[in-house]
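**Q** one predicted model, sequence on top.
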Amino acid sequence: MGKSSRKNKNKIAPVNSTDGELKAFNYAEDPEEMARNELVDNMEKLDSKSSKDRTDTLITINSLLRSRPTLTFVVRYHDVMSTVLTLKNKPDPEAEQLVTLMCLFVLHGGKLITDLIFEPMSQMRSILQDESRSVALRMACSNTLAIITSICCEDGFANGMACKSVWSSKTEGDGKLIATALTSWCFIILADAETIEEAESSQPKIVTLLSHKDLEVRLAAARTLAYLQECMHEAQEDFAGFPNEDHVLNVLREMMKNEKRTSKKDRKEQRKGVRDVLEYLETKEDVAVEYVENNGQETLHLNSFRMKMAYGLCCDVLKGGVQVHLKSNPVMRYLFGWDPVPLGA
């Protein structure tokens, strides 16, 4: 990728500086510029012949992209991403970081990088359905397919079906993978009114997952059923519920009780996760609102199961960087219905 022409981080102050600023200008004083410089340095290390070295470099790049929005970097490296994001023949740890990088690029650039996503999406669908690949890599593919579809892919049906193949065909597999694939499938399929019939026909299968041995799967199934009901009410004003609604409610009520076969911690988490779902399905009233404070300046209202699902997906990718991205990342702000730039910024 070539060597950087930047010799050091100390530059001469701009000519329009005030007298008090006529000193060496250190870009390290500007966190965004410092992060951008570090990103550029690390991109050059991706030429290494060592997979371990490339993986370590990708971890650093992803961490930096999580820490703050850096759109100028994404635009600058747009042309080389098609080469960097090739997943074929990459070891699982390196491929996992590349998939995460793809997701972070989408969260930064949105539709500006639509032309980069098609080949990586195809590769991610194949990896997601390949049981020989690591669970962590397949989970990363599932999350990334969901976020890509919601932001810059108009036809995500193939992505949704790849996710469904994981949670519907082998329900005794890894619980975290099944839960992740179910959530991603739901987020992809229910975003499009034309595919809601596919989701509706899958409802009985989702109900069976309420009795899965793994807590993550049971909770994902409960949230998916609530989101499905939410979408059906929006699509059909006279929607009266699914034929098996009484059975679903009975299962959810049982999940709220103390089950001796599960740990105290799991019982507490299960009751917490099921409570809102049960209340919504019983009353048909709006979901309880959760509030997320954004640096004390704005409040994100998670007032639907879709909003809660979107926030959870973003937290999985951005981790501790969600708040800073909500503050100034236009793509993230659009995803949650906010203006591109906060008022008064």
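**A** Nice, thanks for sending it over. As the structure is a computational prediction, the values presented were derived from the model and not from experiment.
**Q** report the mean confidence score over the host helix or strand of Asp53.
**A** According to DSSP states H and E, Asp53 maps onto helix 51-67. The average of the pLDDT scores along helix 51-67 is 94.
**Q** quick one: low-confidence parts of the stretch 201-345 of the chain?
**A** Where the stretch 201-345 of the chain drops to pLDDT under 70, the residues are 258-261, 286-289, 293-296, 341-345.
**Q** residue ranges of the helices in it, please?
**A** Using DSSP state H, counting those that start in this stretch, the helices found in the stretch 201-345 of the chain span residues 215-235, 245-255, 264-283, 305-318, 322-328, 330-335.
**Q** rebuild those helices as TSV, extending it with distance to Glu197 and mean neighbour count.
**A** (Each C-beta comes from the backbone N, C-alpha and C, glycine too.) Listed next are these as TSV, based on distance: least, Cβ to Cβ, whole Å; neighbours: other Cβ atoms under 10 Å:
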stretch	distance to Glu197	mean neighbour count
helix 215-235	10	22
helix 245-255	18	16
helix 264-283	21	15
helix 305-318	18	20
helix 322-328	33	19
helix 330-335	25	19
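**Q** right, and the ones you listed - which one's nearest Ile188?
**A** With respect to Ile188, and counting by Cβ to Cβ, the nearest of the helices of the stretch 201-345 of the chain is helix 305-318 at 10.7 Å.
**Q** ok now that closest one, how far from the chain's centre?
**A** How far helix 305-318 lies from its chain's middle: 6 Å, per Cα atoms, centre = their mean, to the nearest Å.
**Q** hey, C-alpha coordinates of that helix in CSV?
**A** This file holds the C-alpha atoms of helix 305-318, laid out as CSV (Å, rounded to 0.1, in the frame of the first residue of the first chain):
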residue,chain,number,x,y,z
PHE,A,305,-38.7,-4.2,19.7
ARG,A,306,-37.0,-3.2,16.4
MET,A,307,-35.3,-0.3,18.0
LYS,A,308,-34.2,-2.4,20.9
MET,A,309,-32.9,-5.1,18.4
ALA,A,310,-31.0,-2.5,16.4
TYR,A,311,-29.4,-1.0,19.5
GLY,A,312,-28.3,-4.5,20.6
LEU,A,313,-26.7,-5.2,17.2
CYS,A,314,-24.8,-1.9,17.2
CYS,A,315,-23.6,-2.6,20.8
ASP,A,316,-22.3,-6.0,19.7
VAL,A,317,-20.2,-4.3,17.0
LEU,A,318,-19.2,-1.0,18.5
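**Q** kindly calculate the angle that it makes with helix 264-283.
**A** 150 degrees (axes from the mean of the first three to the mean of the last three Cα atoms, to 10 degrees).
**Q** touching helix 305-318 from outside, list them.
**A** 66, 100, 103-104, 107, 143-144, 146-147, 150, 183-184, 186-187, 190-191, 223, 226-227, 230-231, 280, 287, 290, 292, 300-302, 322, 325, 332, 335-336 (Cβ atoms under 8 Å, 6 or more residues apart in numbering).
**Q** Ala221 against Leu209, yeah?
**A** Yes. When contacts are counted by Cβ atoms under 8 Å, Ala221 is listed as touching Leu209 (3.7 Å).
**Q** now name the helix or strand holding Ser82.
**A** Per DSSP H and E: helix 81-84 holds Ser82.
**Q** the helix or strand that that helix is followed by - what's its average pLDDT?
**A** The helix or strand immediately downstream of helix 81-84 is helix 92-109, counting by DSSP H and E. Mean per-residue pLDDT for helix 92-109: 94.
**Q** chain center to helix 92-109, what's the gap?
**A** 11 Å.
**Q** then stretch 322-335?
**A** For stretch 322-335 - counting by Cα atoms, centre = their mean - the centre lies 13 Å from the chain centre.
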